[in-house]
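Visitor: build the 3D model from these lines:
(4 chains)
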2 protein chains.
Amino acid sequence: MNYSQSEENYIKSIYHLQGDSKNVSTNELAEELHTRPASVTDMLKKLKAKKLLHYEKYQGFRLSTEGKKVALSIIRRHRLWEYFLSVKLQFAWDEIHEVAEELEHVSSKKLIDKLDEYLGFPKFDPHGDPIPDQLGKIATTDHILLTELTANQIAEVSSVANQSAAMLDMLKHNNIGIGTRIEVKKKFPFDHSLEIKIRNLPAFTISERLAQNIYVKYVKK
Amino acid sequence: MNYSQSEENYIKSIYHLQGDSKNVSTNELAEELHTRPASVTDMLKKLKAKKLLHYEKYQGFRLSTEGKKVALSIIRRHRLWEYFLSVKLQFAWDEIHEVAEELEHVSSKKLIDKLDEYLGFPKFDPHGDPIPDQLGKIATTDHILLTELTANQIAEVSSVANQSAAMLDMLKHNNIGIGTRIEVKKKFPFDHSLEIKIRNLPAFTISERLAQNIYVKYVKK
DNA sequence: AAAAATATTTAGACAAATCTAAAAAATTAA
DNA sequence: TTAATTTTTTAGATTTGTCTAAATATTTTT
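Guide: Numbers count the residues shown, from 1 in each chain, chains lettered A, B, ... in the order given. The predicted structure follows:
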């Protein structure tokens, strides 16, 4: 089956919002897609008719098994293109997302499988997110949120939850990238901000909001 | 300026049909695009409003300078992707066109310029057609139509004018590809078909129609 | 040069994806 | 447990790209 760009964007966003199968609300999805709730309702009816999601009026919705399969194949395309842009074309880390958003809608399965092979079947994209294989399987990671990291423990940035330009710009400004080693020096109870240290730079503070979007994994000292 | 996929397909087809600036007709374009003449008229009005073509009711049409510029940038994208699919992803010669038709609509200029660099600034695509550079310049070739080739003269296939699946299938069936050396043994005045010889294969006949779609260039014996 | 044939355009409709404004349902607060 | 607020849906429009059928121009034939 083939889906329109618009349908694919809805499916992908629902997949990200529902996480481990919580129900997604109309307003939430409208905000994520920068569209209006009324437009979301319209599209939901269509996706329901195609059996891609479970949806009852006023009750929220969630992808069906088939819907998840479709979502994973879109995510596979997106992340393979990100890997290609970064590793082969030398795009900067914060430039790849936007271009991959366009490339992901090219639907030839053969193209994607050949690209995967050409790239050497990478398991993670440049943001540290896992790339689903042909069957939709994704490698598991042991990462945790930076907010959950114990003080004075060193960990390595493994992925970011949010890839908005504003977020990526902020990370760049703070010299944080995939693989950056971070140590939490202090947690401030007042606003839950964190003082962190990177390499030999002076320690500095980041907001809880930002820290909630950074995944890290422990690393031997 | 950015154009829709549909607009881009019209511009590209007009460019191919007009050749060295002959006027294109509504029916001709409708057939090329597998659409209806009425739809063509609708789109022409839109493209005229965007100053991409010269068009007066019932008089045929032709791309403006700006329109040609746009056409060349679409062709650039298409041929670079064809080159990538063929050289990097090892797609067969007759499979690349269809996928490139989709990829060509991804519009990031940076993507295309980086891809060009990554591929080593190729001058010709796998079908032998020239790839426009960033400025729209295309390398010139000295190829002629196979129908124009003198008998008993050896020449090498340099490109094909038509990339329909039917055409590519026929070429494959006849063992003709870019670089194949062909000698015209005889021209039949009755239906203008040609008897040709390839390598050590027995000579065989091809139609005028097919020969009109094959470009060759002379080669020292 | 009129008639016939062909090419092109207009008029009006339709599907997809979106929107605004208003109605209806669900949730939260008083 | 009503009232107020928020969320969601419906109704009706709009834009883009397409279509069919009919009208109008142009070209070709007789």
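Visitor: what about stretch A:116-127, how long is it end to end?
Guide: Length of stretch A:116-127, first residue to last, C-alpha to C-alpha, to the nearest Å: 17 Å.
Visitor: can you check stretch A:155-168 too?
Guide: End-to-end for stretch A:155-168, by C-alpha to C-alpha: 20 Å.
Visitor: buried residues in that stretch?
Guide: A:155-160, A:163, A:167-168 (16 or more other C-beta atoms under 10 Å in any protein chain shown). Where you see a C-beta, it was placed from the backbone N, CA and C, and this is true even at glycine.
Visitor: pLDDT weak spots in chain A?
Guide: By pLDDT under 70, the weakly predicted segments of chain A are A:220-221.
Visitor: pick out the residue closest to the middle of chain A.
Guide: A:A161 (5.0 Å; C-alpha atoms, centre = their mean).
Visitor: so that one is in contact with A:N213, correct?
Guide: Yes: assessed by C-beta atoms under 8 Å, A:A161 is found in contact with A:N213 at 4.4 Å.
Visitor: now A:V70: how far from DNA strand C?
Guide: The gap separating A:V70 from DNA strand C is 14 Å, by C-beta to the nearest atom of the strand, to the nearest Å.
Visitor: confirm that that residue sits in a strand.
Guide: No: under the criterion used here (DSSP: H, G, I helix; E, B strand; the rest coil), A:V70 is helix, not part of a strand.
Visitor: skip the chain neighbours and tell me the closest residue to it.
Guide: A:I11 (5.4 Å; C-beta to C-beta, 6 or more residues apart in numbering or on different chains).
Visitor: now for the one you found, how many residues are close by?
Guide: Residues contacting A:I11 under the criterion other C-beta atoms under 10 Å in any protein chain shown number 26.
Visitor: ok, it - contacts?
Guide: A:3, A:47, A:52, A:63, A:67, A:70-71, A:74 (C-beta atoms under 8 Å, 6 or more residues apart in numbering or on different chains).
Visitor: which helix or which strand is home to it?
Guide: Of the helices and strands defined by DSSP states H and E, A:I11 is found in helix A:5-18.
Visitor: got the angle between that helix and helix B:5-18?
Guide: 150 degrees (axes from the mean of the first three to the mean of the last three C-alpha atoms, to 10 degrees).
Visitor: any idea which of the contacts of A:I11 has the most stuff around it?
Guide: Going by other C-beta under 10 Å, A:L52 tops the contacts of A:I11 with 26 neighbours.
Visitor: isn't it right up against A:F61?
Guide: No: applying C-beta under 8 Å as the test, A:L52 and A:F61 come out as separate, 9.9 Å apart.
Visitor: what sits against the residue nearest to A:E7 when sequence neighbours are not counted?
Guide: Spatially, and ignoring its direct neighbours in sequence, A:E7 is nearest to A:L47 (6.7 Å; C-beta to C-beta, 6+ apart). By C-beta under 8 Å, 6+ apart, the contact list for A:L47 reads A:7, A:10-11, A:53, A:55, A:67.
Visitor: after whichever helix or strand A:L47 is part of, next one along is what?
Guide: Taking DSSP H and E as the definition, A:L47 sits inside helix A:37-49. Per DSSP H and E, the first helix or strand lying C-terminal to helix A:37-49 is strand A:53-55.
Visitor: elements contacting whichever helix or strand comes after that following strand?
Guide: Downstream of strand A:53-55, the next assigned helix or strand under DSSP H and E is strand A:61-63. The elements that strand A:61-63 packs onto, with contact taken as 3 or more C-beta pairs under 8 Å, 6 or more residues apart in numbering or on different chains; DSSP states H and E, are helix A:5-18, strand A:53-55.
Visitor: those: which one's closest to DNA strand C?
Guide: Closest to DNA strand C of the helices and strands packed on strand A:61-63, according to C-beta to the nearest atom of the strand: helix A:5-18, at 4.2 Å.
Visitor: can I get whichever helix or strand comes after that closest one in PDB? Just the C-alpha atoms.
Guide: Next along the chain after helix A:5-18, taking DSSP H and E as the criterion, comes helix A:26-32. Extracted C-alpha coordinates of helix A:26-32, given in PDB (Å, rounded to 0.1, in the frame of the first residue of the first chain):
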ATOM      1  CA  THR A  26      -6.500  15.600  18.700                       C
ATOM      2  CA  ASN A  27      -5.100  18.900  20.100                       C
ATOM      3  CA  GLU A  28      -1.700  17.300  20.900                       C
ATOM      4  CA  LEU A  29      -1.300  16.000  17.300                       C
ATOM      5  CA  ALA A  30      -2.600  19.300  15.800                       C
ATOM      6  CA  GLU A  31       0.200  21.100  17.700                       C
ATOM      7  CA  GLU A  32       2.900  18.600  16.700                       C
END
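Visitor: how far does helix A:26-32 sit from its chain's centre?
Guide: 17 Å (C-alpha atoms, centre = their mean, to the nearest Å).
Visitor: okay, buried residues for it please.
Guide: For helix A:26-32, by 16+ other C-beta under 10 Å, it's A:26, A:28-30, A:32.
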